[in-house]
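*Asks:* 3D, please:
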Amino acid sequence: MSTSYTMIVVIGLLFIGTIYMMLPAHAASGPTVGSDAPEFDLLDQNGKRQRLTDYSGKWLVLYFYPKDDTPGCTTQACNFRDDYFRIRALGAVVIGVSLDDVSSHKEFAEKYHLPFSLLADDKKQVAKAYNVLRGFGPVSYSSRQTFIINPQGKVAVHYESVSPRQHATEIINDLKKLIGS
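*Replies:* Have a look, this model is predicted:
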């Protein structure tokens, strides 16, 4: 076997391995519509502990995003901020989750006057439970996905593809259908 052929095979295998590492561990391992939402127990931007059970009896919009203070994440957060009271009027609560730490969330929330909680999943446990953890090698992030969780703690809607500009409006429209108003 020639050296150049061996190099091509090795590079090809490395490329395939890299692509494989970027894929989710198992596409069906996250919660599905109708299943129980995975529990979470995380600190928000103010250091207050928040759990899924704290929202029992309420509609919960749990949105995962990659990184504080980046263009798409800022657009999405500000749209949720701008529509926050419309969402609250429907009886729902908005919570954002990323792998950033509490201090990063605090700066982000203060800078953009976000009226909702941002949870610090710096140990990546909740992102794994919801199957939104992505990355390459040592770099990890939450993919931009949202779950509407019903008052009984079940996943009512899962958005696997989210447009930061349109998502808050989409959430409002879907909440209206779900609630029947």
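*Asks:* could you use CA atoms for every contact and neighbour count after this?
*Replies:* Will do.
*Asks:* what's near enough to touch the residue positioned nearest the centre of the chain?
*Replies:* Against the mean C-alpha coordinate of the chain, by C-alpha atoms, centre = their mean, the closest residue is Phe64 at 1.2 Å. Neighbouring residues of Phe64 by C-alpha atoms under 8 Å, 6 or more residues apart in numbering: 96-98, 127, 132, 142-146.
*Asks:* repeat that for Ala37.
*Replies:* 31, 149, 153-155.
*Asks:* just these: which are in strands?
*Replies:* Assigned to strands by DSSP state E, the following of these qualify: 149, 155.
*Asks:* got the residue ranges for the helices in the protein?
*Replies:* 3-22, 71-82, 84-89, 102-112, 125-129, 167-179 (DSSP state H).
*Asks:* count the residues that sit near Ile179.
*Replies:* 12 (other C-alpha atoms under 10 Å).
*Asks:* repeat for Thr169
*Replies:* Thr169 has 15 nearby residues by other C-alpha under 10 Å.
*Asks:* for the contacts of Phe64, which one is nearest Arg165?
*Replies:* Closest approach to Arg165 among these (C-alpha to C-alpha): Arg144, at 12.4 Å.
*Asks:* contacting residues for that closest one?
*Replies:* Contacts of Arg144 (C-alpha under 8 Å, 6+ apart): 63-66, 132, 160-162.
*Asks:* filter those down to the buried ones, ChimeraX style.
*Replies:* Buried members of the contacts of Arg144, defined by 16 or more other C-alpha atoms under 10 Å, are picked up in ChimeraX with:
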select :63,64,65,66,132,162
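*Asks:* circling back: and the helices of the chain as JSON lines, adding mean pLDDT and distance to Gly47?
*Replies:* Shown next, in JSON lines, are these (pLDDT from 0 to 100; distance: least, C-alpha to C-alpha, whole Å):
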{"stretch": "helix 3-22", "mean pLDDT": "50", "distance to Gly47": "31"}
{"stretch": "helix 71-82", "mean pLDDT": "95", "distance to Gly47": "19"}
{"stretch": "helix 84-89", "mean pLDDT": "96", "distance to Gly47": "22"}
{"stretch": "helix 102-112", "mean pLDDT": "97", "distance to Gly47": "7"}
{"stretch": "helix 125-129", "mean pLDDT": "96", "distance to Gly47": "17"}
{"stretch": "helix 167-179", "mean pLDDT": "95", "distance to Gly47": "26"}
